[in-house]
Structures are given as structure tokens and as C-alpha cells.
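Student: Got a predicted model here, sequence first, then my questions.
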Amino acid sequence: MWFSFWKPRDRFSLDELRNLCDQLQKVQIVNDVNKDFVIEALRSISELLTYGDQHDPSFFEFFMEKQVMEDFIRILKISKIVTISLQLLQTMSIMIQNLKSEHAIYYMFSNEHVNYLITYTFDFRNEELLSYYISFLRAISGKLNKNTISLLVKSQNDEIVSFPLYVEAIQFAFHEESMIRTAVRALTLNVYHVGDDGVNIYVTSAPHSDYFTNLISFFRKKCIDLNKLVSDSLINPGTGSMSAILTAVDEIEDNLYYFSDVISAGIPDVGRLITGNIMQLLIFPLLLPSMWMDVVNEPQIGTITSLYLLCCILRIVKIKDLSNTIAAALFCPLEAFVPNSGANLNGHASGNGFKCEKEELGINRVTKVDDGQLSVKLSNIACSSPEHPDDIITQNNSSSSGLALREVLLLFVTCGDKVQALGSLTVLATLLQTKELDESMLDALGILPQRKQHKKLLMQALVGERSGEEQLFSAESVSTEDSISGELDSYMQKLKEQYGVSCSLAEGGTSPHQHRNQVLVALLNLLCRSDVSAETLWVAGWLLRQLHPYNEGEFRSHHLKLLKESQRKRTAALLMEAKGIWADLLITVLYDEWKKCKKAIEASSPLKEPKSIFFPVQTTTPEDIPSDSSSAAAVRMYELVKAFVLLHQLQIFSLGRVLPEQPLNQPIIQVPEQSRAKTAGLDFSGPKPGTAIRLDDSLPCRIAFERGKERHFCLLAVSLGTSGWVILAEELPLEQNHGVVRVAAPLAGSNPRIDDKHSRWLHLRIRPSTLPFMDPAKPGNGANGKTKIKVLVDGSWTIAFRDDASCKTALSMILEEIKLQNEEVERRIKAVLDLESIVDSSNPSLVTSETSSSSSTPSHSL
């Protein structure tokens, strides 16, 4: 009965909202006594208005009628307590984010209440308060459109003169806290994407246009910070330094994607502002000079960081003018960007000239001539020297300009260190893929893909501009012009007039035909090198495939000579691997890498991202792996096979043939009846523990797997195709010459030898049955971003026989089976080497289970 006198309180009711607002209006001072009530009232009002916006419009009508926003402003003015400011900002953020009614949003943004809060002088020494303030600004930007934005700006004579939201926000655009920077960038993008003409003019006019200049300056600082991390990692390599580089790389790319998003908003002058600032603050004074020299007493970055940043800018910031201007700048010599300044050409200043300290760059003399320009002469490159004048990339005339940056890239490809080579290849690949670049610019650089060249020639032939039929199908007709195109001329003029970069092209113009031959020779010379990783060679292979995908006619005789000479060396080394530690898995790896390489060079883009420049694949074994171990041998074998497969496939397509899905393989020969494997009753499934076998050819022996616990076995060595095993079997007591396999180890790499002091002891190296994990870790997956190798430790067996003769017989048996195994592996490899059989085969033979993708010892041979 008593419960009927008490009605439950409805929190989400208009009465509740009325009560809270009435109580809030009565507050005349905020202190420690009533601050908790004020905070709770502000929080509850935001909840009730959000509820009312979805269920009952009368809630917001009451809010407007009572002019509660004025009470919010009044509370802020009379309060000096930080928690009140925090709650008020949070209340406003929640209300703005959750209100769906356009009428409600219009009210919130009108009457200057929101602008008052935006411009209020908060104490931002409190980091939490700053965070709430930025969230408040971002919430406002989320509701902007062409109608609402007009409520937040002030205009005079149809021109916007004040936009507090934008002006206050960009003051925190470069705050040390990344979350604040991200929120401000999201706010600016919301502003730019509104598409209001007046606002667009406002943000691109002084002084607000300084934001874009400051943006590039901030990015420049991040680039210098990245370079410092890279430099430190060379001195103190480790997990921490690599992780720091990855974090910095992510931030660099985030910045560039923000530039791209800003440009995509379509504000007419923004692309021009960003292009101009990138060129003047970053490209000309920092990146291009750093490709080739260290500028004295200036902020500087290393060559590798410079190449990476060029790739990222071209790949992410999609502005046609920017991309073509960068490409045009590559035709200029170094002194065009750093005139009359002390500098080191990858070395140090010395006397009246410059001396290059890095012999691997192939530079034996760099002098400074009277007119202040640099003259560079190159020594012989890694393979044979170019035999055609079009292939020479040196400037021997001391009165001409120095080495152009385009030539520097080719120099790095030809004889730079492994990181410089990969970086330059990545730049060339990025340029080739940059859709914003004019085809004529790609043609001038010598990297216009053949399919585009032939398409252009065909179009010219169809419209009658050229006698195109002869040029289109001529092996020498790689270009329609020997001089540089009008587009390049215009960009060179722009470099001079707009950026003050003055450089002249060679007399008679630039020959795309000659430049393509230089690129081709540089790539072919790289393929001759043994000091770069196979992954780098695959990038070169991809470029070569893009530039010359048709037939042998596209290659000159000396081009093919370079390719065949390199392949000859790799082939000889591969045949040596047929007798190596991993001979049993060589064919499996060869088939796996064939598929991977075919996919890589036929892909639409290189498989590696620009950030891989900082984490090159190791071509040598890590220091913690002994050089004579099977793990070290596996590293060398993988690198060799990758390089061999690439060169082999390039030879096939140079013959004008389509790459088969797999290399041709000889048919399986029948296992001789007198072989030990046949006699033992083994098949291609291999000797698994517990398998019953015959022991006719076995030898009794003893071995201790634990100290003091000797066991008796029968030793048998067998080879079956490309597989082979050393078997220890226990003889069955009730069945003569029969036994059960207890232990089996790989025959390849066993390296049998008789002990020097005990002639009845036979030593065997027991190699792991599986290959170490060799797949390169994706940047970011591993701690250091480099190739991860699972080191498997080699074991050893010391087997005792009853007399010297038995020990020698065992040694002979093992060596004989190793010889048979190696011969079969070599036979399979020679089948792959037969180019005519491969390219003429329309139905490649099926791969048997030995060539499956598994990297364990195959259960049976091909």
C-alpha cells in the first residue's frame, strides 16, 4: 500500500531536463562544494539531449527556449576549475557528435556560442584539457557542409575574414603528440572537402597559406630524423634501431598520404602550394644533392634515405606537375642544385678538387674545372665495358656539365653498393609506374615500356605522322625522336623560371634511344654482379621485362653477350651445388623459385615496397652461423638458385618465347634392380622409422646416442633418384637379413671420413632434414625487418665397426651412393639448362611430389 505513494523517477524525461537546467541557472559561483553537481549536470544534459534528438523533439526545443548554451558559457566564465572545463568540452563534443537533426546542428553553430568556446583561452598546459579541446574541434568539423560552415565564419564584402575553427586548429598541427596531429589533420580535411569557394580562397591566401609551407617544413624535419635513425642503425644495428626506423617510415608515409588527401579535395591552389614547397624546401636543397654529395654545414641526409623519399613522394603524392618536375630535374647535374658550395662526393673535400673514396662506385677521378663544374670519369664497371657509344654514361668533356642525376642512378645500379643498387632500381621502377608522368618524360629517361612505345608508333603510323611501319617493326626503332620532347623543354624552362634551377641539356638535345640503351646496359651489368642479393636482381629483372618484353631483336649482340656470360657463371656454380650439402633439395628449390620468379617479373609492379631499401636481404650468412654449417650452405644455395632462375628466364624471353610454368624435367629412369635401394625393398616414400627392409648390403656397427649406452645397428646407405639416406636398422632376430628402420639421416652433406686415430670409427655429419626458414620477413613482421633464418644445428654420428675393412667398406658404400645421387641431380639440372627443350615444350612435364612447395626432404624423386 505504501509503494503507491512513491513514483519511480524517470531519468530520460523532459521534467528531468527542466530540473537540471533550473538548477544550473541558479549556480552563481563554482567552487569545491558544488563542482561535482555542476559536472554531473553538464554530463546529464548531454545524455538527455542525445536521447531527445532520437525520441522526442521537445527536449531540444526546451534547450533552445531556455537558452542553456548561454548558461554553459556563463559557467565556463565563472569557473576556474579545470574539471569543469573538461566536462563542458566533453558535453559539447558528445552533443555535436550525436545530434542528427539539422535544425539542432544549426542552432548549436549559430549565435556565436561555439565560436566563443573555440576561441576561449583555456590553460593548455594541462594535456588532458588540450586533448578534450581538440576532440571538440574535430567533432565540429565532422558536421561541416556548405550550409553549416557559413555559421562558423565571418564575412565582409562577400569575403571570409575570420574562420576560428580552422585558425585555432592549425596552431596544433605540429604538436609533439601524434594523436593531436592526427585529429587536426582530420579536421583540416573535413574543411577542405566541404568545397566552399570562399573557404578555399581563405585557406590558400596569406597568412593561412603558411600552413602548407610549415607542413612541408615539418615533413622535412621528419625526413632528417629518419636519416639519423638510419645512420645510427649502421653504427649500432639491433632490434631497437630497426623498430625505430619502421616507426619513422610509417610516419613519413602517413604524412605523404595526408598531402595526397589534401590534394584530392580539389582546391585549385593547394596542389600548386604543396608542389612548390616540396620542390623548394625538400627536393632541390636536400634530396637531389644528397643522392651524390654531402653538403658541408647544411642539414643533410644519406643517399639511401634520399632514394627512399623520392620513391615515396612519386608513389603517394599524385601531382602531375610535381612528378614531371622531379623527373626533369634528374637531367640536371649536381652543381645545378648546390652551386659554389663546399661539398663531398661521397667522400671528403681535398685540395682544389674532389676525391671519391668509395671505389665500388667505379669513380677513379673527379676534378673541378675552371668554370666551377664537376667532371667525372668512370673506371671499368663490374662486367665488361659497354661496346657501343650509346651505352656510355660518362662525361669526358671537361667543359660540359657534370654527371646528371639520371646518370648517377645508373652508376649506382652498375657499381654502387648493394643498398645503393636496390635504391636506384626502386627509383627507376617507381618512375616507370608513376601514372602522372608524361610518356615523353619516361621516354627521355629511357624507361618508357616497350608496349607504350609500340602503341605510340602505331598511332603515329595510323595518323600519317611518320612512316611508322618501318619504324614500328625495326629492331633499332625504339624511339621516334632523337631529341628531347617539347614537354621536357617546358619543364626545364619551369625549373629555371620558377625555381631558379638553371641547367642545359647536351647539344643536339637528349636522345631517348641512347638513354634506353644506357638503362639496359646498366641492368645487364647488375645481373653480372655477385655482391648484390637475388631479391635485388629480381627487381632488375622486372625492370628489364618491362622495358624489353618482346624478342631478341630488342637486344644488341653485346647485350646478349653480357646476359649469357653472367648465366654461364651462375650455371657453373649451380652444377657445383649438385654435389653440395643440399643436393637432395636443389631440384625442389629450383622448381619453387621458378614459379616465384616468373610471378615476380611478370607482375604489374615490383613485389618489394620502397621501405625494403632500408632492410636489404642478406647475401652473406649472419655472424652467429658458422660458415661451414649446413645453414650457411642453405643461404648460399638459395641465393644462387634465385639468381640462376632469373637469368635463365630472361634468356628465354630474350628468345621471344613465353615462359613455361615450370622448367622441363627429364623423365624418371627406372631404378636398377641391383641398386641398394631396390635390394632393400625401399620405394619413393623413403625409409620411415618402423619400415621393414632387407639388410643384404648392410654392415653391422655400434653407436652411442647417449654416453655409456652403446647400441647395435646395421648401417645401410641408399640413393633413390635425387634423394638419399644413411639408415640405421635393427636386425630382426627371427628373420635373417631383415630388419626395421630405427634412424635415417640425409645422405647429402654427410661428409663421411674415417677417424685419424681410430681406423674402425667412421664420422658422419648429420644435416637437418629440412631447410632453414628462408622467406624474407615483411618489414614490420620481424623485429629487425631483415631476412630471418631459423638456424638448425648440424649433428654428428661416430659409428664403430668390428674391423678396419668393414669401416672402409662402409665409407665406400656411402661415397658410392652420394655419387649416384649427385649424378641424378646433375642430370636433372642439365635438363633445365636445355633452353630449346624448354621453349619448344608446349606441355611441360608434370611436377611430381618431389617438387612440391615443401622444403623438407622429398619422399621420392622426380
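Tutor: The structure has been received and is ready for your questions.
Student: What residues sit buried inside stretch 272-287?
Tutor: Under the neighbour-count criterion of 16 or more other C-beta atoms under 10 Å, stretch 272-287 has 273-279, 281-287 buried. For every residue, glycine as well, the C-beta is placed using N, CA and C.
Student: State which strand of the protein is the longest.
Tutor: Across the chain, the longest stretch assigned as strand under DSSP state E is strand 709-720.
Student: what's the spacing between that strand and its chain's center?
Tutor: With C-alpha atoms, centre = their mean, to the nearest Å as the basis, strand 709-720 stands 49 Å off its chain's centre.
Student: Only the buried residues of it, if you could.
Tutor: Within strand 709-720, the residues scored as buried using 16+ other C-beta under 10 Å are 713-720.
Student: Over to stretch 698-711?
Tutor: Those would be 698-699, 701, 703, for stretch 698-711 by 16+ other C-beta under 10 Å.
Student: and residue 701, that's in a helix?
Tutor: No. Counting by DSSP: H, G, I helix; E, B strand; the rest coil, residue 701 is not part of a helix but strand.
Student: Would you state the strands of the stretch 201-350 of the chain in chain order?
Tutor: Assigned strands in the stretch 201-350 of the chain, in chain order: 294-295, 343-344, 348-350 (criterion: DSSP state E, counting those that start in this stretch).
Student: where does the stretch 351-500 of the chain dip in pLDDT?
Tutor: 351-401, 451-486 (pLDDT under 70).
Student: I'd like to know how far the residue minimising distance to the centre of the chain sits from residue 539.
Tutor: Nearest to the geometric centre of the chain sits residue 609, at 2.1 Å (C-alpha atoms, centre = their mean). Using C-beta to C-beta, to the nearest Å, residue 609 is found at 11 Å from residue 539.
Student: go on, residue 42?
Tutor: Per C-beta to C-beta, residue 42 is found 60 Å from residue 539.
Student: quick one: which of the two has more around it?
Tutor: residue 539 (26 against 23; other C-beta atoms under 10 Å).
Student: what ranges do the helices span in the stretch 151-300 of the chain?
Tutor: 164-170, 178-192, 197-203, 210-235, 239-264, 270-278, 288-290 (DSSP state H, counting those that start in this stretch).
Student: who does the fifth one touch, helix- and strand-wise?
Tutor: The reference is to helix 239-264. With contacts taken as 3 or more C-beta pairs under 8 Å, 6 or more residues apart in numbering; DSSP states H and E, helix 239-264 sits against helix 178-192, helix 210-235, helix 270-278, helix 303-316.
Student: Residue 688 is nearest to which of the ones you listed?
Tutor: helix 210-235 (46.9 Å; C-beta to C-beta).
Student: Specify the angle between that closest one and helix 239-264 in degrees.
Tutor: On the basis of axes from the mean of the first three to the mean of the last three C-alpha atoms, to 10 degrees, helix 210-235 is oriented at 160 degrees to helix 239-264.
Student: which ones are touching the nearest residue to residue 267 once chain neighbours are set aside?
Tutor: Using C-beta to C-beta, 6 or more residues apart in numbering and skipping the chain neighbours, the partner closest in space to residue 267 is residue 200 (4.7 Å). Contacts for residue 200 were tallied using C-beta atoms under 8 Å, 6 or more residues apart in numbering; they are 192, 267-269.
Student: now the residues you listed in JSON lines, with distance to residue 132, neighbour count and pLDDT?
Tutor: Compiled in JSON lines, those are given as follows (distance: C-beta to C-beta, whole Å; neighbours: other C-beta atoms under 10 Å; pLDDT from 0 to 100):
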{"residue": "192", "distance to residue 132": "24", "neighbour count": "22", "pLDDT": "96"}
{"residue": "267", "distance to residue 132": "30", "neighbour count": "21", "pLDDT": "91"}
{"residue": "268", "distance to residue 132": "35", "neighbour count": "10", "pLDDT": "85"}
{"residue": "269", "distance to residue 132": "34", "neighbour count": "14", "pLDDT": "89"}
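Student: Out of these, which is nearest to residue 586?
Tutor: Nearest to residue 586 among these: residue 192, at 58.0 Å, using C-beta to C-beta.
Student: Name the nearest residue to the closest one, ignoring sequence neighbours.
Tutor: Closest residue to residue 192 apart from its sequence neighbours, by C-beta to C-beta, 6+ apart: residue 265 at 3.7 Å.
Student: now do residue 752
Tutor: Distances taken as C-beta to C-beta, 6+ apart put residue 814 closest to residue 752, at 4.6 Å, once the chain neighbours are dropped.
Student: Thanks again, I'm all set now.
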